[in-house]
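> A predicted structure for the sequence below; I have some questions about it.
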Amino acid sequence: MTTTITVCETCKCAGWNAETANKTDGETLADLVQKIVANSSDITFRRHACLMGCDFACNVAIQASGKLNYVLGNFSPNIESAKGIVDYAKLHAASDKGQVPFREWPQSIKGHFRARLPTLDNS
């Protein structure tokens, strides 16, 4: 089953400066995640303008039909964060219900979970 990573492309971390930055922090993180998932068969990627988690930029949603869905935030827009997000999404995709045991979480995503949303399906 496919898991979708949605990255907020409008996120700006504290200290972001429009005069010196050519991209938002969300765009930078989205670019990194998109490159990593480019050849993945079990992960899809999309960008979205504002996930409304501005106090915890950079924000990401991990979603799949019939599974628990997650909102994560407060990432730095770097390769370590991007790899952790993708690695977690792969574990989510491989799970039956979207629950991944804590011991399997990539270190770089621990402490970044903001919400767990139940499935909308009848499963």
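Structure's in. What do you need?
> okay, now the unreliable bits of this structure?
Scanning the chain for pLDDT under 70 picks out 121-123.
> longest helix of it?
When the chain is parsed with DSSP state H, its longest helix is helix 79-94.
> residue nearest the centroid of the chain?
V60 (3.2 Å; CA atoms, centre = their mean).
> from D25, how far out is the residue of the chain positioned farthest from its centre?
Most distant residue from the mean C-alpha position of the chain: E19, 26.8 Å away (CA atoms, centre = their mean). With distances taken as CB to CB, to the nearest Å, E19 is found 15 Å from D25. Placement of C-beta: from N, CA and C, glycine included.
> how about I36?
I36 is 17 Å from D25, by CB to CB.
> more crowded one of these two?
D25 (23 against 18; other CB atoms under 10 Å).
> any idea how far A89 is from that one?
Counting by CB to CB, the gap from D25 to A89 is 19 Å.
> about what we covered before: so who does the residue nearest to the centre of the chain touch?
V60 makes contacts with I5, T6, V7, C8, L29, V33, L51, V71, L72, G73, F75, I85, as judged by CB atoms under 8 Å, 6 or more residues apart in numbering.
> confirm that the second one sits in a helix.
To tie it back to what came earlier, the one meant is T6. No - counting by DSSP: H, G, I helix; E, B strand; the rest coil, T6 falls outside a helix, being strand.
> quick one: it and L51 touch, right?
Yes - with contacts counted by CB atoms under 8 Å, T6 reaches L51, the gap being 7.3 Å.
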